[in-house]
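> Let me see the structure of the following:
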Amino acid sequence: MANLFRKWFLSQKPAGSDVADLQTSLDIKISLRKLRNYNPTKKEICHYGFLGSIMLFVFITNPAAWILKILFFSTLGLFFLIPLTSQFFFNALPIFTWLGLYFTSNYFPATVRPPITVKVLPAVETVLYGDNLSDILATSTNSFLDLLAWIPYGLFHFGAPFVVAAILFLFGPPTILQGYAFAFGYMNLIGVIMQNVFPAAPPWYKILYGLGSANYGMHGSPGGLARIDKLLHINLYTSAFSNSSVIFGAFPSLHSGCATMEALFFSYAFPFLRPLFIFYVCWLWWSTMYLTHHYFVDLMAGSVLSYVIFLYTKYNHLPLVDTSLFCRWSYSKVETYDKERSNPLNASLDDIENVPLSTMDTAIDLSLSGDERSISPSYIFDRNSNLSRSSATSNTSLDLQNEPFSPVPRLGTKRLD
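Residues are numbered from 1 along each chain as shown. Next up, the predicted model:
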């Protein structure tokens, strides 16, 4: 295995390059030394302050025994300090924060939680799309469609994040896994916060209880996944969804958010496979509605949330991808987006829109009169071909060959990488 790894991956490594190397040290002193010399930016202070406040909230409100909570957070802190593990665990802090808040949500007192909305989502669904799409798709069911819906919703959803992370780590540029952990964790974290602030009943609730009011003492439902349990003679999904930590978390759909985030990162790293990833997202959208777990408006909200967070991550954290390279060890350097140069509104002397109009005025031979006048171009784009222009109201000649050259400063072009 080691020889195969060296042949396929390490053989691609440029001489003298260390950007793809991993930390292998177990010495905590290295991390402590870095921590003492660390000067956080304002963005980093907001980032770690926000995550830290939620982790503190989880630590206080989670009903687990104090000794267990102290042991868990101490172990997590140790993994953050060991260089070998910190390069993975520390960057996954948004994911750990999301998981902590999600599994604690079920223990929030019902007296301080918002009322559960039952009618809003189906009403919005009807207003936007003319009907309840989940009801339409779930009208006709059979074993084949059940299995087809189960694959993305009940299998791929739980395994895909790990597969995507592994592929991005091996075949993407260095540091792309950090960006993926940041975006994936924040998308789910913000999604869970929204689900707690705006609890909404999913389609299966309407099938079981109609539009009657809901309360936090109710159990969840596996929806169409109950047919999978029956078909496979298991009780996995019935048990899991009946005791879910966020039973009324229909809006936004984190199934849709996760699939969209995975598709966005794969499309970013492997753009030639973009149609395949779009198909996967559409497949999962269909499955969630067919299994009566989400309305279509939930799916759109989850995808929009993912897209917004991905864009922020792309321009602030992600490295540029070179599709001609094979794996992370093929990179000799890591480049990121230059937001100043890429900003179309940023003023620059090289931009044509910022050149004074006086320097772009065309030279006109005033020795001629009327229709005999000709205009010499400024050669902004360094063209040598003759140009002509005519209209119903003007017969102005644009014969460039017969006109004297007007010396105008040549404008540089700016490459927007």
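
> By mean pLDDT, point me to the weakest helix or strand of this protein.
strand 375-376 (a mean of 36; mean pLDDT, DSSP states H and E).

> in the stretch 251-400 of the chain, what spans have low per-residue confidence?
Per-residue confidence for the stretch 251-400 of the chain (pLDDT under 70) gives these ranges: 342-400.

> redo that, cut-off 80
For the stretch 251-400 of the chain, applying pLDDT under 80 flags the ranges 338-400.

> Can you show me the helices along it?
With DSSP state H, counting those that start in this stretch as the criterion, the stretch 251-400 of the chain has helices at 254-269, 274-290, 296-316, 339-342.

> Out of the ones you listed, which gets nearest to residue 81?
helix 296-316 (25.6 Å; CB to CB). (Each C-beta comes from the backbone N, C-alpha and C, glycine too.)

> then that closest one to PDB, C-alphas only?
Written as PDB, here are the backbone C-alpha positions of helix 296-316 (Å, rounded to 0.1, in the frame of the first residue of the first chain):
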ATOM      1  CA  PHE A 296     -40.000  22.100  -2.100                       C
ATOM      2  CA  VAL A 297     -39.700  25.500  -0.500                       C
ATOM      3  CA  ASP A 298     -37.600  23.800   2.200                       C
ATOM      4  CA  LEU A 299     -35.300  22.400  -0.400                       C
ATOM      5  CA  MET A 300     -34.800  25.800  -2.100                       C
ATOM      6  CA  ALA A 301     -34.000  27.400   1.300                       C
ATOM      7  CA  GLY A 302     -31.400  24.800   2.100                       C
ATOM      8  CA  SER A 303     -29.700  25.200  -1.300                       C
ATOM      9  CA  VAL A 304     -29.700  29.000  -1.200                       C
ATOM     10  CA  LEU A 305     -28.200  28.800   2.300                       C
ATOM     11  CA  SER A 306     -25.500  26.500   1.000                       C
ATOM     12  CA  TYR A 307     -24.800  28.700  -2.000                       C
ATOM     13  CA  VAL A 308     -24.400  31.900   0.000                       C
ATOM     14  CA  ILE A 309     -22.000  30.200   2.500                       C
ATOM     15  CA  PHE A 310     -20.000  28.600  -0.400                       C
ATOM     16  CA  LEU A 311     -19.500  31.900  -2.100                       C
ATOM     17  CA  TYR A 312     -18.200  33.500   1.100                       C
ATOM     18  CA  THR A 313     -15.900  30.500   1.600                       C
ATOM     19  CA  LYS A 314     -14.700  30.600  -2.000                       C
ATOM     20  CA  TYR A 315     -13.500  34.100  -1.900                       C
ATOM     21  CA  ASN A 316     -12.200  34.100   1.600                       C
END
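
> Work out the gap between it and the centre of the chain.
6 Å (CA atoms, centre = their mean, to the nearest Å).

> Tell me the spacing between residue 126 and residue 323.
44 Å (CB to CB, to the nearest Å).

> Looking at the two, which one has more neighbours?
Between residue 126 and residue 323, counting by other CB atoms under 10 Å, residue 126 is the more crowded of the two (13 against 8).

> Go through the helices of the stretch 251-400 of the chain and pick out the most buried.
Among the helices of the stretch 251-400 of the chain, ranked by average contacts under mean count of other CB atoms under 10 Å, first place goes to helix 254-269 (a mean of 24).

> Just want the angle from that helix to helix 274-290.
180 degrees (axes from the mean of the first three to the mean of the last three CA atoms, to 10 degrees).

> Could you name the helices and strands sitting against helix 254-269?
If contacts are counted by 3 or more CB pairs under 8 Å, 6 or more residues apart in numbering; DSSP states H and E, helix 254-269 sits against helix 157-171, helix 176-197, helix 274-290, helix 296-316.

> possible to save those as a markdown table with distance to residue 29?
Converted to a markdown table, the helices and strands packed on helix 254-269 look like this (distance: least, CB to CB, whole Å):
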| stretch | distance to residue 29 |
| --- | --- |
| helix 157-171 | 27 |
| helix 176-197 | 23 |
| helix 274-290 | 43 |
| helix 296-316 | 31 |
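
> right, and these - which one's nearest residue 64?
Closest among the helices and strands packed on helix 254-269, using CB to CB: helix 176-197, at 18.3 Å.
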